[in-house]
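J.: sequence-free structure coming up:
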Ligand SMILES: Nc1ncnc2c1ncn2[C@@H]1O[C@H](COP(=O)(O)OP(=O)(O)OP(=O)(O)O)[C@@H](O)[C@H]1O
């Protein structure tokens, strides 16, 4: 199993309980979307799986190991096998795109090689090839602060493609992209996971994208896994219940909409 969780909970440092009693198994090659309302716990779950956060209880196995029983050095090695895509990639503004992409392999390089790469990109062709898959080759030598939000997200994804990890975790990876680009980019990520036989987990607010690109869907609400279903089996009632917002519904009615409500897929 790539991921194996049993009764896992997570409490943030301020005492906020973010995840409760999560049972989940994900096999190599599975492609899974995580959906759910704002504050449900999607990012917390991905950070827990990336071993950035420690569970408060339960059993957690990532790529065959319990990360929190490993030494700090071994945990660092485990992290180098996981590709984490952030909604807003934490890239230094003045860093060149080529360097940012090549940093995907920093965890596997010696300190010397990593430093050398900062001074002179060691594999520009490799970085260009990763960017080409996302139609961004022309930005290879630009600085990260010269890019749009959607372009930055694609740099973060190219970095993980270059890393070639054994598991990809993506937190809202296409939130800053237009619908066509978002669809293309999710296609690239899915193709990468399928071709290499690795698991891909992505949180998405756009339920239509989740259903179109991922065979398996996890619904998270108030820190709990409320469903774990094949995309094709999901019902409108399950989606409505996942996104039901009692607080908003109890407010005074909003002015009448000028356009009829035609979208049945919830978006946040
Ligand atoms: N670093 C943190 N410290 C304390 N509480 C946090 C922290 N990060 C998240 N939380 C809380 O944990 C809960 C889950 O948050 P999380 O960010 O995982 O939700 P989410 O489903 O990703 O939301 P969104 O879709 O809005 O990004 C929320 O109640 C949130 O306020």
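T.: Okay, I see it. Keep in mind that this is a model prediction, so the values were computed, not measured. Numbering: from 1, shown residues only.

J.: For the residue lying closest to residue 26 once chain neighbours are set aside, grab phi and psi.
T.: Leaving aside its sequence neighbours, residue 26 sits nearest to residue 3 (C-beta to C-beta, 6 or more residues apart in numbering; 4.1 Å). In short, each C-beta sits where N, CA and C put it, glycine included. Torsion angles at residue 3 (phi, psi; degrees, to the nearest 10) stand at phi -130, psi 140.

J.: neighbours around the nearest residue to residue 184 once chain neighbours are set aside, how many?
T.: In space, and not counting its chain neighbours, residue 184 is closest to residue 135: 7.5 Å by C-beta to C-beta, 6+ apart. Applying other C-beta atoms under 10 Å, we find 13 residues neighbouring residue 135.

J.: which SSE is the nearest residue to residue 31 once chain neighbours are set aside in?
T.: Of all residues not flanking residue 31 in the chain, residue 200 sits nearest, at 4.7 Å (C-beta to C-beta, 6+ apart). Element membership of residue 200 [criterion: DSSP states H and E] is strand 199-203.

J.: again, but for residue 169
T.: strand 167-171.

J.: what angle do that strand and strand 199-203 make?
T.: 10 degrees (axes from the mean of the first three to the mean of the last three C-alpha atoms, to 10 degrees).

J.: Grab the longest helix from the protein for me.
T.: Criterion DSSP state H: the longest helix present in the chain is helix 179-196.

J.: Is stretch 236-249 in proximity to the ligand?
T.: No. Contact of stretch 236-249 with the ligand is not found when judged by C-beta under 6 Å from any ligand atom; the minimum separation is 11.3 Å.

J.: what about that stretch, average pLDDT?
T.: Stretch 236-249 comes out with an average pLDDT of 85.

J.: for that stretch, which positions count as buried?
T.: For stretch 236-249, burial by neighbour count (16 or more other C-beta atoms under 10 Å) applies to 239, 242-243.

J.: and the strand holding residue 200, what does it pack onto?
T.: With contacts taken as 3 or more C-beta pairs under 8 Å, 6 or more residues apart in numbering; DSSP states H and E, strand 199-203 sits against strand 31-35, helix 42-49, strand 167-171, helix 179-196.

J.: just the angle between the second one and strand 31-35, please?
T.: Computed by the same axes, to 10 degrees, the angle separating helix 42-49 from strand 31-35 equals 140 degrees.

J.: Which elements pack onto helix 42-49?
T.: Counting contacts by 3+ C-beta pairs under 8 Å, 6+ apart, helix 42-49 is packed against strand 3-11, strand 17-26, strand 31-35, strand 167-171, strand 199-203.

J.: by contact count, what packs against the second one?
T.: Based on contacts counted as 3+ C-beta pairs under 8 Å, 6+ apart, the elements that strand 17-26 packs against are strand 3-11, helix 42-49, strand 224-230.

J.: any chance of those in CSV, with mean pLDDT too?
T.: As requested, the helices and strands packed on strand 17-26 are arranged in CSV below (pLDDT from 0 to 100):
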stretch, mean pLDDT
strand 3-11, 98
helix 42-49, 98
strand 224-230, 97
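
J.: Of those, which is nearest residue 190?
T.: strand 224-230 (15.4 Å; C-beta to C-beta).

J.: who's the residue most central in space within the chain bridged to?
T.: Nearest to the geometric centre of the chain sits residue 170, at 1.1 Å (C-alpha atoms, centre = their mean). Per DSSP bridges, the residues bridged to residue 170 are residue 85, residue 202.

J.: Number of residues surrounding residue 64?
T.: 11.

J.: so what's it up against?
T.: By C-beta atoms under 8 Å, 6 or more residues apart in numbering, the contact set of residue 64 is residue 1.

J.: ok, now how distant is the residue nearest to the centre of the chain from residue 30?
T.: Residue 170 sits 14 Å away from residue 30, going by C-beta to C-beta, to the nearest Å.

J.: what touches both of these two?
T.: The contact lists of residue 170 and residue 30 share residue 200, where a contact means C-beta under 8 Å, 6+ apart.

J.: circling back to that earlier point, what about the residue nearest to residue 26, neighbour count?
T.: 21.

J.: what is it paired to in the beta sheet?
T.: With DSSP bridges as the rule, residue 3 is bridged to residue 26, residue 62.
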